[in-house]
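Chemist: What follows is a protein structure lacking sequence information:
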Ligand code: ACM
C-alpha cells in the first residue's frame, strides 16, 4: 500500500485558495491514501465559536468535502483531511474520509487543545476503523496523541494504520507518535502544517509530518518549515503481527484484570 501526507501552509480563512494549493501540491503524485492536516483549508486559530461557525461546513455536502471528493476521484486515491464541521448548533473539529467513489465517513476530534475549547464542541462519535484500499484505518486528530487511549482503542478495533491530521504546536508529538506505534504495532501517518498564525497570540506550527511503522521506524519525516508531499510504500502485514517475541503478544499480554 502506498500512503502519503501533504504538509501545507494555509492562509487563514482563504478556503478556496488553500484547496487550490493542495490540488497543485498533489499534481503528479499517486498513492492509495493521502492524509492532509487538521483544518487544512480554513486555518486554525478561530477566536470564538461564532467565528468557527462562520467557516464550518456540512459534512458531507460542504465546499471542502466536495472539493476533496473531486480530488479523490481525479487521483483515484483515498483522502483523509481535517475541517470545521457544522451540525445544527454544533461545530466540530472533524476529519472527513473520502474514497475514489465518494464520501465514506467522518471523525470528530475527542480531545480539544487549549482555545479549541472556545471554538468547537468535543467529538461525540465513537472511534471507528474504516476500510481503505486493503487496510483498516483509524482516524484521530492532533492533540488526541496526548491520550494513549485513543490510539489503543483504534488498534484494538483492528486498525492497521492511524491517519492523524494535525496542526502541531507541541514539540513532543512526532516522537510520541513513535511510542503510539510501538505500543500498538500500527502504522501512523501524521500530516502536519507549517507556518504560523497570530490571531490570538502567536502560534508556530512545527511541520515534521511523518510516516512511522509498527517497529517505531520513521519511514519519512518532513521539514519543519516547507510545504511537502511525501509517499512511502508500507507492508500492512507488519501491523497485523502483534507478536513481539514468540511469547509476547501486544494485546493478549495486557493485564486487564489489574488495569483501572
Ligand atoms: C492541536 O491539537 N492542534 C495542537
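Modeler: Received the coordinates, thanks. Computed from a prediction, not measured in an experiment: that's the story for all the values here. Residues are numbered from 1 along each chain as shown.

Chemist: how about the helices in this protein?
Modeler: 15-26, 49-55, 63-75, 116-119, 148-156, 173-184, 237-240 (DSSP state H).

Chemist: Minimum distance to the ligand: which of the ones you listed has it?
Modeler: When the helices of the chain are compared by C-beta to the nearest ligand atom, helix 116-119 sits nearest the ligand, at 6.7 Å. For the C-beta atoms, the positions are set from N, CA and C on the backbone; glycine is no exception.

Chemist: that older thread, which one, of the helices of the chain, ends up nearest to residue 224?
Modeler: Closest approach to residue 224 among the helices of the chain is made by helix 173-184 (9.9 Å; C-beta to C-beta).

Chemist: and stretch 20-37, anywhere near the ligand?
Modeler: No - judged by C-beta under 6 Å from any ligand atom, stretch 20-37 and the ligand are separated, with a smallest distance of 9.2 Å.

Chemist: in the stretch 151-260 of the chain, what residue is nearest the ligand?
Modeler: Using C-beta to the nearest ligand atom, the closest approach of the stretch 151-260 of the chain to the ligand is made by residue 167 at 4.1 Å.

Chemist: Below-threshold pLDDT in this structure: ranges please.
Modeler: Nowhere does the chain drop to pLDDT under 70.

Chemist: got the residues of it near the ligand?
Modeler: So the chain meets the ligand at 38, 113, 142, 143, 167, 168, 169 (C-beta under 6 Å from any ligand atom).

Chemist: The fourth one and residue 117 touch, don't they?
Modeler: This means residue 143. No - taking contacts as C-beta atoms under 8 Å, residue 143 lies outside contact range of residue 117: 10.8 Å.

Chemist: and these two? which has more neighbours close in?
Modeler: Neighbour totals were compared for residue 143 and residue 117, and residue 143 leads with 23 against 11 (other C-beta atoms under 10 Å).

Chemist: Quick check: nearest residue in space to the more buried one, chain neighbours excluded?
Modeler: residue 113 (3.9 Å; C-beta to C-beta, 6 or more residues apart in numbering).

Chemist: In this structure that neighbour contacts residue 141, no?
Modeler: No - between residue 113 and residue 141 there is no contact under C-beta under 8 Å: 9.5 Å.

Chemist: Looking at the two, which one has more neighbours?
Modeler: residue 141 (29 against 20).

Chemist: tally of neighbours for the residue lying closest to that one once chain neighbours are set aside?
Modeler: Closest residue to residue 141 apart from its sequence neighbours, by C-beta to C-beta, 6+ apart: residue 109 at 4.0 Å. By other C-beta under 10 Å, 27 other residues sit near residue 109.

Chemist: Now do the same contact list for residue 109.
Modeler: 38, 92-95, 116, 120, 122-123, 140-144 (C-beta atoms under 8 Å, 6 or more residues apart in numbering).

Chemist: run the last query once more with 6 Å
Modeler: Contacts of residue 109 were listed using C-beta atoms under 6 Å, 6 or more residues apart in numbering, and they are 93, 123, 141.

Chemist: quick one: buried residues of stretch 199-216?
Modeler: Neighbour counts over stretch 199-216 (16 or more other C-beta atoms under 10 Å) mark 203, 205, 206, 207, 208, 209, 210, 211, 212, 213, 214 as buried.

Chemist: and the residues you listed, which of them are in strands?
Modeler: 203, 210, 211, 212 (DSSP state E).

Chemist: Neighbours of the nearest residue to the first one once chain neighbours are set aside, how many?
Modeler: The reference is to residue 203. In space, and not counting its chain neighbours, residue 203 is closest to residue 197: 5.1 Å by C-beta to C-beta, 6+ apart. Neighbourhood size, residue 197 [other C-beta under 10 Å]: 20.

Chemist: same check, this time on residue 9
Modeler: Neighbours around residue 9, by other C-beta under 10 Å: 17.

Chemist: Residue 114 too?
Modeler: Under the neighbour criterion other C-beta under 10 Å, residue 114 is assigned a count of 10.
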